[in-house]
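Engineer: got a sequence here, can you build the structure:
(chains A and B)
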Amino acid sequence: MDRRARLVRRMEEALGAVAVVSERAELRTYECDGLTSYRVVPSLVVLPESAEQVQRAVCICHQEGVPFVARGSGTGLSGGALPVEDGVLIVLARMRRILEVDIPSQRVVVEPGVINLWVTEAVAPQGYYYAPDPSSQLVCSIGGNVAENSGGAHCLKYGFTTNHVTGLEVVLPTGETVQFGGKALDTPGYDLVGAFVGSEGTLGIATRITLRIVRKPEVVRTLLAAFVSMEEAGGAVSGIIAAGILPAAVEMMDALSREAAEAAVHAGYPAGAGGLLIVELDGPAAEVEYQFGEVERICHQNGCTELRIARNDEERVLMWKGRRAAFAAMGRISPDYYVQDGVIPRTALPQVLRKIAQLAAAHDLRVANVFHAGDGNLHPLVLYDGAVEGQAERAELLAGEILKACLEQGGSITGEHGVGFDKKRYMPDMFTTTDLATMQLLRCAFDPDHRCNPGKVFPTPRLCGEVPGPYRVHPLEKAGLAERM
Amino acid sequence: MDVRLREIVGAHVWEAGTEDAIDGVQPALVIEPGSVEEAAAVLRLANENNLAVAPRGGGSKLGWGNPPERLDWILSTVRMNRVLEHAAGDLVVRVQAGACLRDVQQELAGAGQWLALDPPEAEGTIGGIIAANDFGSHRLRFGTVRDLLIGITYVLPDGTVAKAGGKVVKNVAGYDLNKLFTGSLGTLGLIAEAIFRLHPVPASSRAVVAPQSGAGMGAGELGGAVQSILDSSLVPSALDFEWREGGRLFVLFEGVETGVTAQAEAARQLLDRRGGAAILEDVQVRPLWQGMGRPQLDRNGTRLKITTPIAELPALITCVENLAAGHPLVRTMWGHAGSGIAYLDLGADEQPVIALLAELREKIAALGGSVVAHAAPAGVKRALDVWGEVGTALPLMLAVKRQFDPMRVMNPGRFVGGI
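Structural biologist: Predicted coordinates:
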């Protein structure tokens, strides 16, 4: 029996035939995640429905020496869940149970396939919500959020996934199941929850996730402000921050992204604005009222041409609708687009926007800018037509140069979409060879054989051989209490 | 060896005194490098010569952890104490590890900003606070080091200098080693520099105390009071309690004047039903909060940090009360009720402390929590692991240690599972 046939048989025995996809045509539907420019057909797809089945699947991979990739809803934008050839894709979409809701301790325990928004829906009746809100929250899974350390529009004030995970059950690449953290804080030992969240599926598979939930704010106030230019809008953001105000969200859109969003969802955004700002404040009523007044004043001071305040939930939802639809709306104004995800220190916005405009002109392409302005997370959307020869290549080149412009200002190559497969080539622009080699010491502790999502995040894998020098035996090993991994 | 050290740090090396000992283990030398490069050269030398090194900042938390298995050098960061960059417009600061938190705060205050960490030991350094994952009352609102640290430069024992994270608050490029180093008690490498996100200093503050006087609430009542605040739409910066036969709750509000006045009044009304709550004005709040910190621990006393899920606070208190019945050794308990964290100070009598700790651990584990001894006399530390059980993750933690510090140079024996 050849290797693949044996793998299929073992997986079918372990998980049941319904949980194993091995037909070539069916496998092709799994060939990419949310970033469709990279496609690899996996050798096999398995769909476990419990932590135990995940463990069985990983054990088989380990025993057979086969690499594996975990995937939730597959909405990631960096190719982080791109399959590997000859590898198994472990899809967690069937693990969709909310296992426990503990309001008094402000925790919810879920399986990895649970959709982000379901967590909020489960606790909303009691007045709580789950804070990280990526734009894809209707479809993306918590397991994927954990892998990517997903953010969202509201992470300026409330933090990212990593600030909202307190415990994990993880199946390690060797097939063992381990517990990190829990419902209580500060479990003794290294913060492996913190190390695991955002590791992009390269350290293991989370099978049970303990989340922190947050009490709904007393009031939410949202305004939409139009400016002649992005620079003036940026000036207003700096003014808000300088006034000591920490908004729940500050979103900025340029003329092109406003135009596209308007065409797609008719949010009623002011026509002709060169820069659009959505500012949302939430919290106790008296504080929000006072600060909201300050925000209005600052917007006017910075030359705002039109300012609208959402009078009710419908108006608020409408203001957000255009922003949330901004990526997909690009289809209205361009046959193809690439979503870039760079970060800059907020104060560097004017320089970076100028640079992006220069780069776009030099490559003869259009770039629409959508910006989580509060935390400096820039999403330039590079528009191109794949049918025109050379445009896709130019778009890729331009997107890469935008990242370098972010790095020149002391920024980052990714704020929330992850490095994945797509951006590993830019990692050496941000980190030294030594930085990258040292990060991978963590990888070596978890996955010495590089079987767990190989080929992602790091441009060059570190060999996890024996560390040089005489090894000093740990007393616990001597006592036979712990095995060397 | 001395000659080689002098080549690296000049005159900044000397013989250690008894005051430099950790849990009675005497080091030979104290070394004070003046730069990351010097620190790297010192560590490389230690690594090559199979020595054991304990990093030291302000020295305020050297009693945390198990006694060192071996100890040759103290690597002091006192000379690496500068604020390197304060980007006020970006609410970010980059500091050297030896900088004293108090000094950093002073510098940031000029721009109306602060690093939202308030551990009680004012002389603590940035590096020490990160390594020990120390925090204070403001944790409820701002989180702890892990939520504020966005970039780190560290030195591995083989002299490798590397960094992770960066200067921007939102960044998912590469592994988040900030978190790995936070709370690692100096066992993976030397933390040399750190970058933090900052917050604006609030304009006003109010605190609510309940009950204002008298015997205090019962455990169940205290738990109910905590839940009434948590389950409201109030946003306190801190929600602390103290317990001496009865419980008292302290709620801190910070922000704009109109906001804190309204919130404090709402909290007072919520808590008043439970026996007399009072609002403290701005001027009284700060001394209260500093005083709330950690009481001075008796010489040879033991201090336990107990964590449970938030809702288990009444069970935690009841459990301590029951175990302590008839024991004169239980002094006082206080903590961060909104985060499920309590501290318990015990007297100097070793045997009862050892017995109580073992029993307490079992009971708290059943509640889903843990008990760590932050300070304890040598006799207690010899009798049991100050960290307690680590569970199924221990082999992985040992593997992490082995990757970063294969020679076990950094603080050997002081962390969980003998790491």
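Engineer: can you name the residue of the stretch 201-350 of chain B nearest to chain A?
Structural biologist: Going by Cβ to the nearest Cβ, chain A is nearest to B:Gly259 of the stretch 201-350 of chain B, at 2.9 Å. In short, each C-beta sits where N, CA and C put it, glycine included.
Engineer: tell me who's in contact with residue 238.
Structural biologist: You didn't say which chain, so I picked chain A. By Cβ atoms under 8 Å, 6 or more residues apart in numbering or on different chains, the contact set of A:Ser238 is A:346-347, B:89.
Engineer: was after chain B, sorry
Structural biologist: B:137-141, B:250-252, B:289, B:336, B:338.
Engineer: can you report how many residues lie near the residue nearest to the residue of the stretch 201-350 of chain B closest to chain A when sequence neighbours are not counted?
Structural biologist: Spatially, and ignoring its direct neighbours in sequence, B:Gly259 is nearest to A:Glu287 (2.9 Å; Cβ to Cβ, 6 or more residues apart in numbering or on different chains). Using other Cβ atoms under 10 Å in any protein chain shown, the number of residues around A:Glu287 comes to 25.
Engineer: so which bits of the strand or helix carrying A:Glu287 are buried?
Structural biologist: Using DSSP states H and E, A:Glu287 maps to helix A:285-301. Neighbour counts using 16 or more other Cβ atoms under 10 Å in any protein chain shown place A:285-292, A:294-296, A:298-299 of helix A:285-301 among the buried residues.
Engineer: could you do stretch A:299-319 as well?
Structural biologist: Across stretch A:299-319, burial judged by 16+ other Cβ under 10 Å covers A:299, A:302-305, A:307, A:310, A:316, A:318-319.
Engineer: out of these, which are inside helices?
Structural biologist: Counting by DSSP state H, the part of the buried residues of stretch A:299-319 found in helices is A:299, A:316, A:318-319.
Engineer: what is the mean pLDDT for stretch B:236-247?
Structural biologist: The pLDDT scores in stretch B:236-247 average 93.
Engineer: what's the end-to-end length of it?
Structural biologist: With Cα to Cα, to the nearest Å as the measure, the first residue of stretch B:236-247 is 19 Å from its last.
Engineer: buried sites along it?
Structural biologist: Burial within stretch B:236-247, assessed by neighbour count using 16+ other Cβ under 10 Å, is assigned to B:236-243, B:246-247.
Engineer: grab the nearest non-local neighbour of B:Ala393.
Structural biologist: Closest residue to B:Ala393 apart from its sequence neighbours, by Cβ to Cβ, 6+ apart: A:Val178 at 4.9 Å.
Engineer: over to B:His374?
Structural biologist: B:Arg303 (4.6 Å).
Engineer: residues contacting whichever strand or helix holds the one you found, please?
Structural biologist: In this structure, B:Arg303 sits in strand B:302-307 according to DSSP H and E. Residues outside strand B:302-307 that contact it (Cβ under 8 Å, 6+ apart) are A:184-187, B:294, B:297, B:316, B:320, B:335, B:340-347, B:353, B:357, B:360, B:364, B:369-377, B:380.
Engineer: A:Gln391 reaches A:Leu383, doesn't it?
Structural biologist: No: at 9.4 Å, A:Gln391 does not count as touching A:Leu383 under the criterion of Cβ atoms under 8 Å.
Engineer: so what sits against both of the two?
Structural biologist: The contact sets of A:Gln391 and A:Leu383 overlap at A:336, A:365 (Cβ under 8 Å, 6+ apart).
Engineer: need the helices for the stretch 51-200 of chain B, in chain order.
Structural biologist: Taking DSSP state H, counting those that start in this stretch, the helices of the stretch 51-200 of chain B run over residues B:101-109, B:126-132, B:139-142, B:145-148, B:177-181.
Engineer: of these, which is nearest chain A?
Structural biologist: With Cβ to the nearest Cβ, the closest approach to chain A among these belongs to helix B:177-181: 2.6 Å.
Engineer: summarise which helices and strands that closest one is packed against.
Structural biologist: In terms of contacts (3 or more Cβ pairs under 8 Å, 6 or more residues apart in numbering or on different chains; DSSP states H and E), helix B:177-181 is packed against helix A:192-196, helix A:433-446, strand B:149-155, strand B:161-165.
Engineer: give me the mean pLDDT for it.
Structural biologist: On average, helix B:177-181 scores 98.
Engineer: what lies in contact with it?
Structural biologist: Helix B:177-181 is contacted from outside by A:162, A:190-195, A:197, A:438-439, A:442, B:130-131, B:146, B:149-152, B:154, B:164-165, B:188-189, B:191, B:400, using Cβ under 8 Å, 6+ apart.
Engineer: so which of the contacts of B:Ala238 sits lowest on pLDDT?
Structural biologist: Within these, pLDDT reaches its minimum at B:Trp289, with 73.
Engineer: I'd assumed that residue was in a strand, is it?
Structural biologist: No: looking at B:Trp289 with DSSP: H, G, I helix; E, B strand; the rest coil, it is helix, so not inside a strand.
Engineer: thought it was touching B:Phe253?
Structural biologist: No: B:Trp289 lies out of contact with B:Phe253 (Cβ under 8 Å); the separation is 11.7 Å.
Engineer: look at these two and report which has more neighbours.
Structural biologist: Using other Cβ under 10 Å as the criterion, B:Trp289 and B:Phe253 rank with B:Phe253 on top: 29 against 22.
Engineer: enumerate every residue touching that one.
Structural biologist: Taking Cβ under 8 Å, 6+ apart, one finds B:205-208, B:234-237, B:259-260, B:263-264, B:267 in contact with B:Phe253.
Engineer: circling back: the residue nearest to B:Ala393 bridge partners, please.
Structural biologist: Assessed by DSSP bridges, A:Val178 has beta-bridge partners A:Val170.
Engineer: any common contacting residues for B:Trp289 and B:Phe253?
Structural biologist: Common contact partners of B:Trp289 and B:Phe253 (Cβ under 8 Å, 6+ apart): B:Ala207.
Engineer: for beta bridges, what are the partners of A:Asn369?
Structural biologist: Going by DSSP bridges, A:Asn369 is paired in beta bridges with A:Pro380.
Engineer: which positions in the stretch 201-350 of chain A make contact with chain B?
Structural biologist: Taking Cβ under 8 Å from any Cβ of the partner chain as the measure of proximity, the stretch 201-350 of chain A contacts chain B at A:215-218, A:238, A:241-242, A:244-246, A:283-291, A:343-347.
Engineer: residue in the stretch 101-250 of chain A nearest to chain B?
Structural biologist: Of all residues in the stretch 101-250 of chain A, A:Gly194 sits closest to chain B, at 2.6 Å by Cβ to the nearest Cβ.
Engineer: could you check how far the closest residue to that residue other than its chain neighbours is from A:Tyr190?
Structural biologist: Take A:Gly194 and drop its neighbours on the chain: the residue closest to it by Cβ to Cβ, 6+ apart is B:Lys179, 2.6 Å away. According to Cβ to Cβ, to the nearest Å, B:Lys179 stands 9 Å off from A:Tyr190.
Engineer: who has more neighbours, these two?
Structural biologist: Using other Cβ under 10 Å as the criterion, B:Lys179 and A:Tyr190 rank with A:Tyr190 on top: 30 against 27.
Engineer: can you check the pLDDT for the residue lying closest to B:Gly112 once chain neighbours are set aside?
Structural biologist: Leaving aside its sequence neighbours, B:Gly112 sits nearest to B:Val201 (Cβ to Cβ, 6+ apart; 5.2 Å). B:Val201 is assigned a predicted lDDT (pLDDT) of 94.
Engineer: how about the contacts made by B:Val201?
Structural biologist: Contacts for B:Val201 (Cβ under 8 Å, 6+ apart) come out as A:244, B:109, B:112-114.
Engineer: from those, which land in strands?
Structural biologist: Members of these lying in strands (criterion: DSSP state E): B:113-114.
Engineer: pull out the buried members of the contacts of B:Val201.
Structural biologist: A:244, B:113-114.
Engineer: these two touch, right, B:Asp176 and A:Gly194?
Structural biologist: Yes: when contacts are counted by Cβ under 8 Å, B:Asp176 is listed as touching A:Gly194 (6.1 Å).
Engineer: who has more neighbours out of the two?
Structural biologist: Neighbours per residue (other Cβ under 10 Å) separate B:Asp176 from A:Gly194, with B:Asp176 holding more: 28 against 25.
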